[in-house]
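[1] Sequence plus the predicted model coming up.
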Amino acid sequence: MPKRMRSCYVGLFSFAFLVLAFLQAPSISHGFDISIEVAPNTLNIQSLGQVVTVHTNIAYSSVIGASVSLNDIPIDWWKADN
């Protein structure tokens with residue numbers, strides 16, 4: 001096998017190895033803990049109540065309010081509080 005052909009194969013093999021190594025590398029994940037508090041604490045389904053309050057410690061600027069739903073029901077109102 002000519003020297004030029006051998007170096008081409010070595011280069012191609014090295015490239016394929018690096019691509020496979022990159023694809024197998026673990027991806028970086030940025031997880032964080034959140035707390036969720038729902039009021040009232042007990043829901044009475046028979047009362048036909050319409051209001052549930054949910055408090056979280058997620059930064060207000062990190063949430064798109066119009067994209068939030070509870071059991072596939074979009075929320076009507078949202079605000080930031082302490």
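    Structure received.
[2] CA only for contacts and neighbour counts going forward, please
    Noted.
[3] Which secondary structure element is home to residue 10?
    Per DSSP states H and E: residue 10 is located in helix 3-24.
[4] Name the residues of the next helix-or-strand element following that helix that are buried.
    Where DSSP H and E defines the elements, the next helix or strand beyond helix 3-24 is strand 36-39. Neighbour counts over strand 36-39 (16 or more other Cα atoms under 10 Å) mark no residue as buried.
[5] Sheet partners, orientation included, of whichever helix or strand comes after strand 36-39?
    Once the chain leaves strand 36-39, the next helix or strand it forms, by DSSP H and E, is strand 53-56. Sheet pairing of strand 53-56 (DSSP bridges) gives strand 36-39 (antiparallel).
[6] ok now the partner strand, how far from the chain's centre?
    21 Å (Cα atoms, centre = their mean, to the nearest Å).
[7] Could you do stretch 58-73 as well?
    The mean C-alpha position of stretch 58-73 is separated from the chain mean by 13 Å, Cα atoms, centre = their mean.
[8] Give me the below-cutoff pLDDT ranges for this structure.
    1-3, 25, 82 (pLDDT under 70).
[9] The residue most central in space within it and residue 76, how far apart?
    The chain has residue 31 as the residue nearest its centroid, 8.2 Å off, counting by Cα atoms, centre = their mean. Per Cα to Cα, to the nearest Å, residue 31 is found 28 Å from residue 76.
[10] and if you look at residue 64?
    Taken as Cα to Cα, the span from residue 64 to residue 76 is 13 Å.
[11] same deal with residue 52?
    11 Å.
[12] what residues does stretch 21-29 touch?
    Residues outside stretch 21-29 that contact it (Cα atoms under 8 Å, 6 or more residues apart in numbering): none.
[13] got the CA coordinates for it in PDB?
    The C-alpha coordinates for stretch 21-29 follow below in PDB (Å, rounded to 0.1, in the frame of the first residue of the first chain):
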ATOM      1  CA  ALA A  21     -15.800   9.700  21.000                       C
ATOM      2  CA  PHE A  22     -17.500  13.100  20.900                       C
ATOM      3  CA  LEU A  23     -20.900  11.600  20.300                       C
ATOM      4  CA  GLN A  24     -20.500   9.200  23.300                       C
ATOM      5  CA  ALA A  25     -19.300  11.900  25.700                       C
ATOM      6  CA  PRO A  26     -21.800  12.700  28.400                       C
ATOM      7  CA  SER A  27     -23.700  15.900  27.900                       C
ATOM      8  CA  ILE A  28     -23.700  18.700  30.500                       C
ATOM      9  CA  SER A  29     -27.000  19.100  32.400                       C
END
